[in-house]
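**Q** no FASTA, just this:
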């Protein structure tokens, strides 16, 4: 049972989650105990962040300025009835080419290396050094 200003909620289960708030810090990974609810009881929200987490992280809700501040980074507050299309403010700094590169890397098929061929292709090494490389690689 979770008590909030909006009332008491029953939760289905809880787990330790990892997430980011990229609008404020792209790379800070937050680990926090999340409580799951059944159904669509959160309305337009995917997640409710409570005072406990805001206090722990030092995130300030500056209502007088309509901004959220965390360690010097700010973002505008969003309308309570905002949608993904009119309120989402994450700036995407990645190009399509970067995502295609990632997909190509993820889709690559991995096969065992031909160690003899690898050793021979190191033609900057002497024949004795290539043999030593092969012997070391086979261990």
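**A** Thanks, I have the structure now. Treat the numbers as computed from the prediction; the structure is a model and nothing was measured. Numbers count the residues shown, from 1 in each chain.
**Q** Can you show me the helices along the protein?
**A** 51-57, 84-87, 96-107, 115-121, 127-137 (DSSP state H).
**Q** Least confident of those helices, on average?
**A** Ranked by mean pLDDT, the helices of the chain bottom out at helix 96-107, which scores a mean of 45.
**Q** Would you confirm that residue 15 contacts residue 33?
**A** Yes. Using C-beta atoms under 8 Å, residue 15 is in contact with residue 33, at 7.4 Å. C-beta: built from backbone N, CA, C; applies to glycine.
**Q** Can you give me the domain assignment for this structure?
**A** Under the assignment automatic domain parsing, the domains of the chain span 2-107, 110-139.
**Q** quick one: contacts for residue 16?
**A** By C-beta atoms under 8 Å, 6 or more residues apart in numbering, the contact set of residue 16 is 31, 32, 33, 34.
**Q** show me the contacts for the second one.
**A** Residues in contact with residue 32, defined by C-beta under 8 Å, 6+ apart, are 16, 17, 19, 53, 56.
**Q** Just the buried residues of stretch 29-39, please?
**A** residue 35 (16 or more other C-beta atoms under 10 Å).
**Q** model confidence over it, on average?
**A** Mean per-residue pLDDT for stretch 29-39: 81.
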